[in-house]
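*Asks:* I would like to see how this sequence folds:
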Amino acid sequence: MKAEYINPFLESAIIVIEQVAQIRPAAGQLGIKDVKFVENHIWIQIGLNGQMTGDIVFGLSEEVAMKMISAMMGGYVISEIDEMGRSAISELGNMISGNASTMLYNQGVRVDITPPKVMHSAQAAGFKAQRALTIPLIMEGIGELDIQVLIAS
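*Replies:* Modelled structure (predicted):
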């Protein structure tokens, strides 16, 4: 697994979060870990096809997701993740991945992304624990968003 696979997603996430939430996230420690899909988390899965195949998964706790959705909605406080909230968090994953696929294209890597899937539980996602290249984004006042890259090739 190559570290350069995650860089466009990291760069894109920083840019997009800064635009939609008016905060500049800081990158945590890059690592390879066993991805365990825990409950009370929101998972945004984007499939990759082309010269890179696999999945990008953004994971965040429900509490962090509500704070992020609130920030995306101009500070409107939400107490639950409804259809509008799922749409907002889905669009966040879509914007990050779309921007990253453009960055990859500019580096000579052609990749298409699938529409995002937002899931509330690991069982519903059908995920199996596997190793992934991961990096947390720390968002002051909001919490952490984990970027997990599961690349097959």
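
*Asks:* what about the chain, any weak spots by pLDDT?
*Replies:* 1-3, 36-37, 121-129, 152-153 (pLDDT under 70).

*Asks:* Would you map the strands across it?
*Replies:* 26-27, 31-35, 41-50, 54-61, 111-113, 117-119, 130-139, 143-151 (DSSP state E).

*Asks:* Same list (those strands) but as TSV, adding mean neighbour count and distance to N7.
*Replies:* Every C-beta, even on glycine, is put in place using the N, C-alpha and C of the backbone. Output for those, formatted as TSV (neighbours: other C-beta atoms under 10 Å; distance: least, C-beta to C-beta, whole Å):
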stretch	mean neighbour count	distance to N7
strand 26-27	13	10
strand 31-35	13	14
strand 41-50	20	14
strand 54-61	22	12
strand 111-113	17	14
strand 117-119	19	23
strand 130-139	18	9
strand 143-151	21	10
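
*Asks:* And those: which comes nearest I15?
*Replies:* Ranking these by their distance to I15 (criterion: C-beta to C-beta) puts strand 130-139 first, at 11.5 Å.

*Asks:* Who are the packing partners of that closest one?
*Replies:* Where contact means 3 or more C-beta pairs under 8 Å, 6 or more residues apart in numbering; DSSP states H and E, strand 130-139 is packed against helix 7-21, strand 26-27, strand 31-35, strand 143-151.

*Asks:* relative to helix 7-21, how tilted is that strand?
*Replies:* 40 degrees (axes from the mean of the first three to the mean of the last three C-alpha atoms, to 10 degrees).
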